[in-house]
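Enquirer: sequence first, then the predicted structure, then my questions.
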Amino acid sequence: MSQSLTDRPLPAGPASASRRDFFKRVGFGLGVATLASTVAACDSTDGEMTDDGVVLDFSNDFGVLNYAYALEQLEAAFYATVVGSASFSSTFTSDEQSVLQDLAAHEAIHRDFFRAAILGANGTPIPGLTTNFDAVDFGDRASVLGTAQVFEDLGVSAYNGAGRYIQNPTYLTLAGKIVSVEARHASVVAGLLEDNAIAADGQINSSGLDKATPPGMVLSAASAFIEDEIEVRNA
């Protein structure tokens, strides 16, 4: 099941009022246009694309922004596929459907935000990537939620690991706002997989800190679901 991730629409279908209120209480709401205009006021450096694939150069902030954009493309495509599956309503309870619809909407907003921010700062976004979710059984609850947990935990550790490469404080602030939402996603998915769980095993260390994974390791893990070659430089 291969698909391009360019300009995927927001998933259809209302989420329950209680779930929407939950996400409002935890502080979600990026204000894409406002943040993009803020980023546009900062210095920019273009990303890089070659005939052999995508190059992410972490010596400049645009390499980090495009890295985040790549990961958000992956997550947005996954959840769009989940909620668009013919077996969605028969695989998940109504409450679980509401959660997954909210996650799908959030990740689509994150994806569109990064693309708009890069363009708004006169940068070059990487192209729409191509995913392959053949390993996921979208008619099986455990398969879908297990994959969701992998993506959410990977996203949190990816942002944590990339923070050291961000030079502009505006970008660092924005990354902090997004990673906090990703962490809430990871906690919600953990709770769907196991009652009262707040995180998957191994995600929080003995000091009470989340994992921070280097970009190369993150993309190596994500490569199982992304068909494009992505090269990391200076990280």
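Expert: Good, I have the coordinates.

Enquirer: state the pLDDT value of Ala197.
Expert: The predicted structure scores Ala197 at 68 on the pLDDT scale.

Enquirer: where exactly do the helices run in this structure?
Expert: Applying DSSP state H to the chain gives helices spanning 17-25, 32-40, 61-84, 88-91, 94-120, 141-162, 169-193, 215-222.

Enquirer: any idea which of those is most buried?
Expert: helix 61-84 (a mean of 24; mean count of other CB atoms under 10 Å). All C-beta spots, glycine's among them, are computed from the backbone N, C-alpha and C.

Enquirer: distance from the chain centre to it, please.
Expert: Helix 61-84 has its C-alpha centroid displaced from the chain centroid by 5 Å (CA atoms, centre = their mean, to the nearest Å).

Enquirer: just checking, what packs against that helix?
Expert: The elements that helix 61-84 packs onto, with contact taken as 3 or more CB pairs under 8 Å, 6 or more residues apart in numbering; DSSP states H and E, are strand 53-57, helix 94-120, strand 130-132, helix 141-162, helix 169-193, helix 215-222, strand 230-233.

Enquirer: the helices of the chain: which one's closest to Asn234?
Expert: Proximity of those to Asn234 was assessed by CB to CB; the nearest stretch is helix 61-84, lying at 7.5 Å.

Enquirer: before we move on, the earlier item: out of the helices and strands packed on helix 61-84, which is closest to Phe78?
Expert: Each of the helices and strands packed on helix 61-84 was scored for nearness to Phe78 using CB to CB, and the closest is helix 141-162 (6.0 Å).

Enquirer: which strands and helices lie in contact with the closest one?
Expert: For helix 141-162, the helices and strands in contact under the criterion 3+ CB pairs under 8 Å, 6+ apart are helix 61-84, helix 94-120, helix 169-193, helix 215-222.

Enquirer: now do the second one: distance to the chain's middle.
Expert: Average the C-alpha atoms of helix 94-120, do the same for its chain, and the two points are 8 Å apart (CA atoms, centre = their mean).

Enquirer: my read: Asn234 touches Val55, true?
Expert: No - with contact defined as CB atoms under 8 Å, Asn234 does not reach Val55; the gap is 10.4 Å.

Enquirer: pLDDT-wise, which helix or strand of this protein ranks last?
Expert: Ranking every helix and strand in the chain by mean pLDDT, DSSP states H and E puts helix 17-25 at the bottom, with a mean of 45.
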